[in-house]
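>>> predicted model and sequence follow; I will ask about them next.
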There are 2 protein chains.
Amino acid sequence: MLTLHHCPGTCALASLIALEESGLAHQVKRVNLAAGEQHSEAYLKINPKGRVPALATERGILTETPAILVYIAQSAPAAALAPLDDPFELARVQAFNSYLCSTVHVAHAHGRRAARWSDDPAAMETMKAKVPQNVADCMRLIEAQMFEGPWVFGEHYTVADAYLLTIAGWLKGDGVDPADFPVVAAHRARMLERPAVERAMAVETA
Amino acid sequence: MLTLHHCPGTCALASLIALEESGLAHQVKRVNLAAGEQHSEAYLKINPKGRVPALATERGILTETPAILVYIAQSAPAAALAPLDDPFELARVQAFNSYLCSTVHVAHAHGRRAARWSDDPAAMETMKAKVPQNVADCMRLIEAQMFEGPWVFGEHYTVADAYLLTIAGWLKGDGVDPADFPVVAAHRARMLERPAVERAMAVETA
């Protein structure tokens, strides 16, 4: 049994969707970020980084969304959530996930988490002010250069779709009008029709 | 023949070391970041993100260090650069690489690349001021929680070692005293004795 340490509204949603798609037995354990539970002694034993997601397996804990997503895909090959037998295609999926993780999520984080990178409230405000532009730039690049359609990698639904849905779900909060990105918006609508995504969203809003 | 689009002093070093370790036929093409070549029309056709590294393969271009590193490992299984047959262990390597990519490299980037996240010069100075603390926090976590020794993953040398050497090579420039992190410093010394690393460093300083 896998246990996903999860909090609604975070990037842990991507791992939750992947688990739901995978058919692997799993449970969700909620980490109350608003109450600071991620900094508790108990949680830091699970993930010393004090973040979600963390995936507890029978062999130990895994962290970091791109790592967890490929792990889930490899653990459930029948679900075909990544091109496991093709290193080049797998690397393309990984590159997409890595871009979401290290550029798009980071662009987003400068809104509510600017205190990570500056101690000055005025500076944080300037970072927050740039979030809409940076996130919109990322979405523009995704629509123009990366997204094949109907899924991120054409006809092949992958864990990258779960991750894109997750990050693009933050657009409004980032001050970006989702209507400006019709390809991403249509992807979202397509995703929400999948039973696995529906189940994950039910956990998310429970 | 693989072609690595590379610039000295950047995270492209990790991919270069992995290529040297792999035994795969490759060449290096220098991208002059100081002259802004990454924003040229020709380079944006290679990598629309305007960054290095990019790895040109016979099937197309790959970007993002964590993706390239696992691709190289999978393309040269005899070199044993990652635990390819063990999804859990591979995920641990991937989690380490993802942490370097999305947290440590990002912490570092707030020194010289703060303009990505704010348009205000005074704000950028406050970000720069916090870099030593943030990077040191990351190194502390790596030494205390992640590094097994003698390599990142114990007796198994992996692409994660190439990536750690690369990022930890920036400590002085980040205002962190490498002597404060003896585990990372010893790892560096160990790495520099490897012929593949020596060859990569020769390209780096050519």
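Received it, and whenever you're ready, just let me know what you need. Worth saying up front: this structure is predicted, and the values here are computed from it rather than measured. Residues are numbered from 1 along each chain as shown, chains lettered A, B, ... in the order given.
>>> which stretches of chain A form strands?
With strands called from DSSP state E, chain A shows them at A:2-6, A:26-30, A:54-57, A:60-63.
>>> now do the contacts for residue A:100.
Contact criterion C-beta atoms under 8 Å, 6 or more residues apart in numbering or on different chains gives A:65, A:160, A:163, A:164, A:167 as the residues in contact with residue A:100. The way it works is simple: take the backbone N, C-alpha and C, and place the C-beta from them, glycine included.
>>> thinking again about what came up before, with respect to chain B, which of the strands of chain A lies nearest?
Across the strands of chain A, the minimum distance to chain B, taken as C-beta to the nearest C-beta, is reached by strand A:60-63, at 4.9 Å.
>>> in its sheet, what does the closest one sit against?
Strand A:60-63 has these partner strands in its sheet, going by DSSP bridges: strand A:54-57 (antiparallel).
>>> count the neighbours of residue A:94 for me.
Using other C-beta atoms under 10 Å in any protein chain shown as the criterion, residue A:94 is surrounded by 30 other residues.
>>> distance check, it against chain B.
Computed as C-beta to the nearest C-beta, to the nearest Å, the residue A:94 to chain B distance reads 4 Å.
>>> quick one: residues contacting the spatially closest residue to residue A:147 that is not a sequence neighbour.
Here the nearest residue to residue A:147 in space, its sequence neighbours aside, is residue A:183; by C-beta to C-beta, 6 or more residues apart in numbering or on different chains that works out to 5.5 Å. With contact taken as C-beta under 8 Å, 6+ apart, residue A:183 is in contact with A:142, A:143, A:147, A:149.
>>> mind checking if the longest helix seen in chain A is in reach of chain B?
Once chain A is assigned using DSSP state H, the helix that runs over the most residues is helix A:121-141. Yes: contact between helix A:121-141 and chain B is present through A:122, A:123, A:126, A:127, A:129, A:130, A:134, A:141 (criterion: C-beta under 8 Å from any C-beta of the partner chain).
>>> helices of chain A, residue ranges please.
When secondary structure is read from DSSP H, chain A shows helices at A:12-22, A:41-46, A:65-75, A:87-99, A:105-112, A:121-141, A:159-168, A:182-192, A:195-204.
>>> please identify which of those is closest to residue B:83.
Relative to residue B:83, the nearest member of the helices of chain A by C-beta to C-beta is helix A:65-75, separated by 11.6 Å.
>>> how far is that closest one from where the chain is centred?
Using C-alpha atoms, centre = their mean, to the nearest Å, we find the averaged C-alpha position of helix A:65-75 to lie 12 Å away from the chain's own average C-alpha position.
>>> so for that helix, what's the average pLDDT?
Confidence for helix A:65-75, expressed as mean pLDDT, is 98.
>>> CA atoms only for that helix, dumped as CSV, please.
These are the backbone C-alpha positions of helix A:65-75, laid out as CSV (Å, rounded to 0.1, in the frame of the first residue of the first chain):
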residue,chain,number,x,y,z
THR,A,65,7.0,15.3,-8.1
PRO,A,66,9.0,14.4,-11.3
ALA,A,67,10.6,11.5,-9.4
ILE,A,68,7.3,10.3,-7.9
LEU,A,69,5.5,10.5,-11.3
VAL,A,70,8.0,8.3,-13.1
TYR,A,71,8.1,5.9,-10.2
ILE,A,72,4.3,5.5,-10.3
ALA,A,73,4.5,5.0,-14.1
GLN,A,74,7.2,2.3,-13.7
SER,A,75,5.3,0.6,-10.9
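>>> remind me what it packs against, helices and strands.
helix A:12-22, strand A:54-57, helix A:87-99, helix A:159-168, helix B:87-99 (3 or more C-beta pairs under 8 Å, 6 or more residues apart in numbering or on different chains; DSSP states H and E).
>>> need those in a markdown table (columns: distance to residue B:199 and mean pLDDT).
As requested, these are arranged in a markdown table below (distance: least, C-beta to C-beta, whole Å; pLDDT from 0 to 100):
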| stretch | distance to residue B:199 | mean pLDDT |
| --- | --- | --- |
| helix A:12-22 | 38 | 98 |
| strand A:54-57 | 37 | 98 |
| helix A:87-99 | 23 | 98 |
| helix A:159-168 | 34 | 98 |
| helix B:87-99 | 22 | 98 |
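>>> no further questions, thank you.
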